[in-house]
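# I would like to see how this sequence folds:
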Amino acid sequence: MDSVLIKNANIVNEGKIFNGDVYIENGIFKEIAPQISAKSPDVHIFDAEGKYLLPGVIDDQVHFREPGLTHKATIATESRAALSGGITSFIEMPNTVPQSTTVEKLEEKFEIAAKTSYANYSFMFGGTNDNLEEILKVDPKKVAALKLFLGSSTGNMLVDNPEVLEKIFASTNLLIAVHCEDEQTIRENTAKYVKEYGDDIPLELHPVIRSEEACYLSSSKAVELAKKTGARLHVFHLSTAKELSLFTNKIPLKDKKITAEVCIHHLWFSDKDYKEKGTLIKWNPAVKTADDRDALFKALLEDKLDVIATDHAPHTAEEKDNVYTKAPSGGPLVQHALPAMLEFYHQDKISLEKIVEKMCHNPAILFQIEKRGYIKEGYFADAVLVDINAPWTVNKDNIAYKCGWSPFEGTTFKSRITHTFVNGSLVYKNFKFYDVKNAHRLTFTR
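The predicted structure is shown next:
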């Protein structure tokens, strides 16, 4: 689709909502104005009357499982699911099989995405206890960030040597993104409850095992190390109120050296939901108390938390249908993240402008992504049309994930994503996918 004209949209961008038209040419936002006439008869016109036009969402933390774990998901299946959730760009994690811990293996993932991804893409490079030489080969202009697991999770890439960790922090110019949970605390807690229950530990004990203290011990050490070395640190998926003291809202995001994010599941669920949802909401870090959830939401609104992500991490239903110690942590979220946030808008908990700031603008600022995250002339035309009052219920028939399930199954959302555009091409419309691959590799202005 070379030329697109979106008419009568309520455009949500840079803290404002205004009615206008948007003209897209050759994949770029060419003109944004109160009224635009079609330049030629070949222009594809979309009447957005009553709908809201948002920039495409940028998700900075997904696990699309390719290569090596493709029975759970692939870059093709999950990037398509992301489009139906308004996510037009993603940054994927290194704990695949093999792991992306050499430049060669990382480039192999870029090659897969270039052929199969429906959404714009980048990947993180994985740090280990013994690959500093490879880390130093990574070009910060071409790769989103360096990912370090300071607590083990799916596909163990635990970096637990303090000397190595400090050397990595002191040596790289890459943004360092970290999963923070203290491994020793978790192992001791797990051993205690295995002794009491065996493998069938009640799910309600997950946030006790992967505790507030485990999170705080690890994240506080990471922040301390970043301050000591001057490293650029981004702390993934905060889950506790206690950790919020480590972050500031006193300076603009573009000037922050230490940033943090919150994920959809930590804003939506609490430990009261384990009884009903069981392993479907078993994540690392664990979903914790309602007080933690409320504190995270408050910190998001106050700009102590900079971005909203998904940590989309699918497993098969069969894998999830296991006792505590055998059920893997993680779940699919890219399709339902924006609808969940729009539900909070309907509950008067957050504005549309703030949702766009945290899901579109801020990931672009934080990762210095080139010309994305805004509806702005000269920027790549990634955009999402939302009908704010078009209820739909999540069920097996409309779940797009390869794994075929969602922790939101049975939930009715008030808002529906009706159209998704990637680099100017219509790729999704009202539960229908178009077999259009117009995705680009993300570039960075560093």
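# what about residue 123, is that helix, strand or coil?
strand (DSSP: H, G, I helix; E, B strand; the rest coil).
# residue 80 contacts residue 117, doesn't it?
No. Residue 80 is beyond contact range of residue 117, at 9.1 Å (criterion: Cβ atoms under 8 Å). For glycine as for every other residue, the C-beta is placed from the backbone atoms N, C-alpha and C.
# right, and residue 295 touches residue 244 too?
Yes. With contacts counted by Cβ under 8 Å, residue 295 reaches residue 244, the gap being 6.2 Å.
# show me the contacts for residue 90.
Listed by Cβ atoms under 8 Å, 6 or more residues apart in numbering, the contact partners of residue 90 are 58-59, 62, 64, 79, 82, 119-122, 334.
# give me the pLDDT value at it.
pLDDT for residue 90: 98.
# which strand residues bridge it?
residue 59, residue 121 (DSSP bridges).
# C-terminal to the longest helix along the chain, what's the next element?
In the chain, ranked by residue count with DSSP state H as the criterion, the top helix is helix 212-229. Proceeding C-terminally, helix 212-229 gives way to strand 233-235 as the next helix or strand, assigned by DSSP states H and E.
# direction included, what does that following strand pair against?
strand 176-179 (parallel), strand 258-263 (parallel).
# give me the residues contacting that strand.
145, 169, 175-178, 180, 219, 222-223, 225-226, 243, 246-247, 257-261, 366.
# cutoff 10 Å now
Strand 233-235 is contacted from outside by 60-61, 145-148, 150, 169, 175-180, 215, 218-219, 222-223, 225-227, 243, 246-247, 256-261, 305-307, 366-367, using Cβ atoms under 10 Å, 6 or more residues apart in numbering.
# please spell out the PyMOL selection for the buried subset of those residues.
Remark: buried members of the contacts of strand 233-235, expressed as a PyMOL selection using 16 or more other Cβ atoms under 10 Å:
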select buried, resi 60+61+145+146+147+148+150+169+175+176+177+178+179+180+215+218+219+222+223+225+226+243+246+247+256+258+259+260+261+305+306+307+366+367
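# which of the contacts of residue 90 are buried?
If we count by 16+ other Cβ under 10 Å, the contacts of residue 90 have these buried: 58-59, 62, 64, 79, 82, 119-122, 334.
# who's in contact with residue 22?
4-7, 9, 11, 13, 29-33, 36, 46, 48, 53, 375, 377, 381, 383, 421.
# actually residue 103, not the one I wrote
125, 134-135, 137-139, 143.
# if we use 6 Å, what do you get?
With contact set as Cβ atoms under 6 Å, 6 or more residues apart in numbering, residue 103 has these partners: residue 137.
# swap in residue 262?
238, 296, 300, 305.
# do residue 334 as well
Residues near residue 334 by Cβ under 6 Å, 6+ apart: 81-82, 85, 87, 310, 312.
# repeat that with 10 Å
57, 59, 62, 64, 78-87, 90, 119, 264, 309-312, 314, 400-401.
# check what pLDDT residue 156 gets.
pLDDT, residue 156: 59.
# and what of residue 41?
The predicted local confidence for residue 41 is 88.
# in three-state terms, label it for me.
coil.
# count the neighbours of it for me.
Counted by other Cβ atoms under 10 Å, the residues lying close to residue 41 total 5.
# from residue 24, how far off is it?
Distance of residue 41 to residue 24, computed by Cβ to Cβ, to the nearest Å: 16 Å.
# for residue 385, same thing?
13 Å.
# now do the shared contacts for these two.
In contact with both residue 385 and residue 24: 6, 421, using Cβ under 10 Å, 6+ apart.
# on that earlier part again, got TSV for the contacts of residue 90, with pLDDT too?
Compiled in TSV, these are given as follows (pLDDT from 0 to 100):
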residue	pLDDT
58	99
59	98
62	98
64	98
79	98
82	98
119	98
120	98
121	98
122	98
334	98
